[in-house]
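>>> starting from these lines, generate the structure:
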Amino acid sequence: PTFTRALAELASALAFADFRGNQPESTQRAEQILEQLQRVAPGSAEHLIGQAAYVYYTLRDFDRAHDILSQALQLSPSNVNALQMKSWIERRQGDYDAYLMTRYETRRLDPRDPERTDHVLIALLVTHRYAEAWAESSSSGLKSFRIEHTRLLHRLSQDRDTKAFEAGVEQLCPRYRETDCGWSAYVANRNYSGALAVLGDPEDVDRQSPISNHVRRWLYTAWLTDDDTSLEPYFSRWKAQLAADLETVEPYHRSPLYLGLALIAAVQGEEGTARQWLQRWERQNPVDRAERMLRRHYACRMYGIAADAAAAAQCIRVGLSEPSLVMPFMEPWLPFYDGVRDTPEFVGLLAELESSPGLRALSASAGL
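Next up, the predicted model:
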């Protein structure tokens, strides 16, 4: 009852559990924990960290949460958990330079944990600081899937050899427990049988959320193989579930639902409906910057599937102009865009990329 660090972390975990507003009992429990912290350690770093988590996840007052964490870090400057939360808040504030610097500081304090380097690499990749990401991954003496996968991305950016990329990922996957490991590499190499193999039994999707990464990969693969028969029994239920969630979830959290509905419509050949859902995703207000950063490339792929060449090209441009996982040496060359690749809009995009100094530097040996 007086272990304040555990109380602070429990309050943070409970507040996070109700971030989407669907577990109010967790928020009530977090409030009780904060009252306990107020009694046993008022004004302590742990009390401030618990408060910051509540303000961040429950109230979504990012500026205030950042200020509270800054106070906590003055009292406990080596608190890695506080720094990690601070980086998440800075990401949602849209301060990506601060987000990256905080992740570097977190790694400095905990250099032996590979996850800290993983977080630095993710921040570098989403902010398109590829040269720094390559340098970090190549110089690291630690082992993790992210570190080794980034080295493979570096090689792909240079030689554009998707077969070698697939082979490298195949060697990597047995050493790490990654869900659907290798799927992206198989898709990049248009090895759809390999992609299907890592996804496993299609009946497993019955236990998954329609916006889970696993279901999304299944939907993409169904479209790529022109065979959605194994998923057809789930489409109606998934659409009904997502539509019901839209009625209950707060506007801030609707973006993943829009993307889920867009992908199902696109796979079913309802291209107009897919575009409508994607447009709602684009116009979402308020914007969850973290969600936008991590899912922009999904939206671009759905525009490609929906045969909207202009929107797909523009989506990739936007993804390269703001933090996202749209990578110029990979994204435009994926099979989701094969149907629009020869259109004037997409040809124009590829010409822009080929003439970009940044891409030429990445692909110096690729013969682009």
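>>> and L224, how many neighbours?
19 (other C-beta atoms under 10 Å). (C-beta placed from N, C-alpha, C; glycine too.)
>>> quick one: it and V205, what's the gap?
From L224 across to V205, the span is 16 Å (C-beta to C-beta, to the nearest Å).
>>> for F3, same thing?
Relative to V205, and taking C-beta to C-beta, F3 is found at 41 Å.
>>> more neighbours: which of those two?
Legend: neighbour count by other C-beta under 10 Å for F3 and V205, higher for V205 (22 against 11).
>>> tell me the contacts of the more buried one?
Residues in contact with V205 (C-beta atoms under 8 Å, 6 or more residues apart in numbering) are H214, V215, W218, L231, Y234.
>>> list buried residues within those.
H214, V215, W218, L231, Y234 (16 or more other C-beta atoms under 10 Å).
>>> out of these, list just those in strands.
Among the buried ones among the contacts of V205, none falls in strands (DSSP state E).
>>> do you know the pLDDT at the residue nearest the centre of the chain?
Nearest to the mean C-alpha position of the chain, counting by C-alpha atoms, centre = their mean, stands L294 at 3.1 Å. The model reports L294 with a pLDDT of 96.
>>> my guess is it contacts L325, does it?
Yes. In this structure, L294 is within contact of L325 by C-beta atoms under 8 Å, at 6.5 Å.
>>> joint contacts of those two?
Common neighbours of L294 and L325 (C-beta under 8 Å, 6+ apart) are V126.
>>> ok, and what's touching stretch 147-155?
Taking C-beta under 8 Å, 6+ apart as the rule, stretch 147-155 contacts 114, 117-118, 121, 125, 130, 133-134, 136-138, 140, 161, 164-165, 168-169, 172, 327, 330.
>>> these, buried ones only, as a PyMOL selection?
Burial among the contacts of stretch 147-155 is assessed by 16+ other C-beta under 10 Å; the matching PyMOL selection reads:
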select buried, resi 114+117+118+121+125+130+133+134+136+137+140+165+168+169+172+327+330
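>>> can you lay out the buried ones among the contacts of V205 as CSV showing distance to A185 and pLDDT?
Shown next, in CSV, are the buried ones among the contacts of V205 (distance: C-beta to C-beta, whole Å; pLDDT from 0 to 100):
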residue, distance to A185, pLDDT
H214, 17, 95
V215, 20, 95
W218, 17, 96
L231, 22, 92
Y234, 26, 93
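>>> need the residues you listed in a markdown table with distance to Q279, can you?
Formatted as a markdown table, the buried ones among the contacts of V205 follow (distance: C-beta to C-beta, whole Å):
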| residue | distance to Q279 |
| --- | --- |
| H214 | 26 |
| V215 | 22 |
| W218 | 24 |
| L231 | 24 |
| Y234 | 25 |
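>>> where do the strands sit along the stretch 1-150 of the chain?
Assigned by DSSP state E, counting those that start in this stretch, the stretch 1-150 of the chain shows no strands.
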